[in-house]
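Undergrad: Sequence and computational prediction follow.
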Amino acid sequence: MDFIELHHQFKENSLFGRYITLKDIAPLLAKYPVEVIGKSVLEKPIYKYTIGTGAIKVFMWSQMHGNESTTTKAVFDFLNLIHSSNELGQRLLKKFTFCFLPMVNPDGAELYTRENANKVDLNRDSIDLSQPESQLLRQTFNEFQPHFCFNLHDQRSIFGAGTSGNVATVSFLAPSFNEYRDVNEVRSKAMEIIVAMNAELQKHIPNQVGRFDDSFNANCIGDQFTLLGVPTILFEAGHYPNDYYREFTRKMIFIAIITGLQHIYEIDIVDDKNANYFEITKNNIVFYDFLYKNVKINYDSKEIITNFAAQYKEELVDGKIQFNAYVAEIGDLKGKFGHYQYNAHKMTYEDSLDNIPKIDQKANFSLGKGVKFVNGVKN
């Protein structure tokens, strides 16, 4: 199957970039018989959409962290597929019944924050259920009684697949159900689906699929649903070179969703793929957005040669996301990589302040004679 062409055909082009809010998806949802199941802290509607006639029930939700929008885009690409006359889309509707919560945290989406309007991380609220959004997510889970859950997120650009310099464009996790990280039948089913998705993604992003940390936290929704007996898969949409808007990554999530679903209905899931799951390279924090090597700095009247890194902060300004680069770390930075790397070859660092890079300082500086960097990038 040509997944790339399939995505090109069904991509929802009205959704673009990182700042996806309720205003963006409401016109798309208006085409479907959606249900408002409740309101957010700031009284924004939370929508549920159920479709399909199949016996296998799959629950998908995205943007429980408001600033993690890549998977929301992929969900609407997938909705376009299953609403088309495409043979695959129609087959999926016959095999599955889907329940979607396409934006669990509309307040956080509007504010471009991880937390909701009460500054609570909804993915740490699975026991207390202190927030209306958490309550609605759990209520939907209880009423729908899914056979599988797809928990859709974004991860930061700091993650690599392993430690050898490969970025983690997509990462997965079959969450633990206890502190010992035991593998039971429930978790094993999630692992096998991840193995199938990884096998397909390796054709498109070789060595760029990661395995997320499986430390148990009952407050996390995936761990809680696994504990309750439902195989749950965490999807993490990450960075791809020169793709800060994550338009390429949404394509990989689209492919992963379809591949995972195909595996569920085409193959009897058995407990024989655990080893393959643990062979997926673990996520590691090894990346910065910018890495500058062999920089000469005059420090306390002494010249030293060092390295420093800068990282983007995604800042909401006048309704748009700005990627603003700030100095993040100074030192040897052994084992670290940059999505953008520059070897200064002992050129001297200068800026408009003290001519010394400082943590959280804007990454505007010069190296040597006239090599200027604005917002981290060589000008």
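TA: Yes, it's here. Residues are numbered from 1 along each chain as shown.

Undergrad: Tell me which residue is most central in the protein.
TA: Of all residues in the chain, the one closest to the mean position by C-alpha atoms, centre = their mean is residue 154, 1.5 Å from it.

Undergrad: Show me the beta-bridge partners of that one.
TA: Per DSSP bridges, the residues bridged to residue 154 are residue 237.

Undergrad: What number of residues are in the vicinity of the closest residue to residue 184 other than its chain neighbours?
TA: Among residues not flanking residue 184 along the chain, residue 177 sits closest, at 6.7 Å (C-beta to C-beta, 6 or more residues apart in numbering). Every residue, glycine included, has its C-beta placed from N, CA and C. Neighbour count of residue 177, defined by other C-beta atoms under 10 Å: 23.

Undergrad: got it, and residue 355?
TA: A count of neighbours around residue 355, defined by other C-beta under 10 Å, yields 14.

Undergrad: picking up where we left off before, doesn't the residue nearest to residue 184 fall inside a strand?
TA: No - read with DSSP: H, G, I helix; E, B strand; the rest coil, residue 177 is coil and lies in no strand.

Undergrad: Isn't the residue nearest to the centre of the chain up against residue 239?
TA: No - using C-beta atoms under 8 Å as the test, residue 154 is too far from residue 239 to be in contact (9.6 Å).

Undergrad: what touches both of those two?
TA: residue 246 (C-beta atoms under 8 Å, 6 or more residues apart in numbering).

Undergrad: any low-confidence regions in the chain?
TA: Along the chain, segments meeting pLDDT under 70 span 268-272.

Undergrad: Contacts for the lengthiest strand in it, please.
TA: Assignment by DSSP state E gives strand 302-317 as the longest strand of the chain. Residues outside strand 302-317 that contact it (C-beta under 8 Å, 6+ apart): 18-19, 67, 111-112, 157-158, 244, 288-297, 321-333, 336, 338, 346, 357, 363, 376.

Undergrad: Among these, name the buried ones.
TA: Listed as buried from the contacts of strand 302-317 are 18-19, 67, 111-112, 157-158, 244, 288-293, 295-297, 321, 324-330, 333, 336, 338, 357, 363, 376; burial here means 16 or more other C-beta atoms under 10 Å.

Undergrad: quick one: which of those sit in helices?
TA: residue 111 (DSSP state H).

Undergrad: before we move on, back to that, the residue nearest to residue 184 and residue 69, how far apart?
TA: Separation of residue 177 from residue 69 (C-beta to C-beta, to the nearest Å): 29 Å.

Undergrad: you'd agree residue 289 is up against residue 241?
TA: No - Residue 289 is not in contact with residue 241 according to C-beta under 8 Å; the separation is 11.3 Å.

Undergrad: between those two, what contacts are shared?
TA: In contact with both residue 289 and residue 241: residue 339, using C-beta under 8 Å, 6+ apart.

Undergrad: Once you drop chain neighbours, what's closest to residue 150?
TA: Distances taken as C-beta to C-beta, 6+ apart put residue 60 closest to residue 150, at 4.3 Å, once the chain neighbours are dropped.

Undergrad: Does that neighbour belong to a helix, a strand or coil?
TA: strand.

Undergrad: For it, which residues are in contact?
TA: With contact taken as C-beta under 8 Å, 6+ apart, residue 60 is in contact with 75, 98, 99, 100, 101, 149, 150, 152, 257.

Undergrad: ditto for residue 12
TA: Neighbours of residue 12 in contact, by C-beta under 8 Å, 6+ apart: 28, 73, 76, 77, 79, 80.

Undergrad: Look up how far residue 224 lies from residue 125.
TA: Look at residue 125 and residue 224: by C-beta to C-beta, they are 10 Å apart.

Undergrad: and if you look at residue 205?
TA: To residue 224, residue 205 is 30 Å away according to C-beta to C-beta.

Undergrad: quick one on the thing from earlier: just checking, the residue nearest to residue 184 touches residue 188?
TA: No - counting by C-beta under 8 Å, residue 177 stays clear of residue 188, with 11.1 Å between them.

Undergrad: Counting neighbours, what do you get for the residue nearest to residue 179 when sequence neighbours are not counted?
TA: Distances taken as C-beta to C-beta, 6+ apart place residue 216 nearest to residue 179, at 4.7 Å, with adjacent residues excluded. Counted with other C-beta under 10 Å, residues neighbouring residue 216 total 16.
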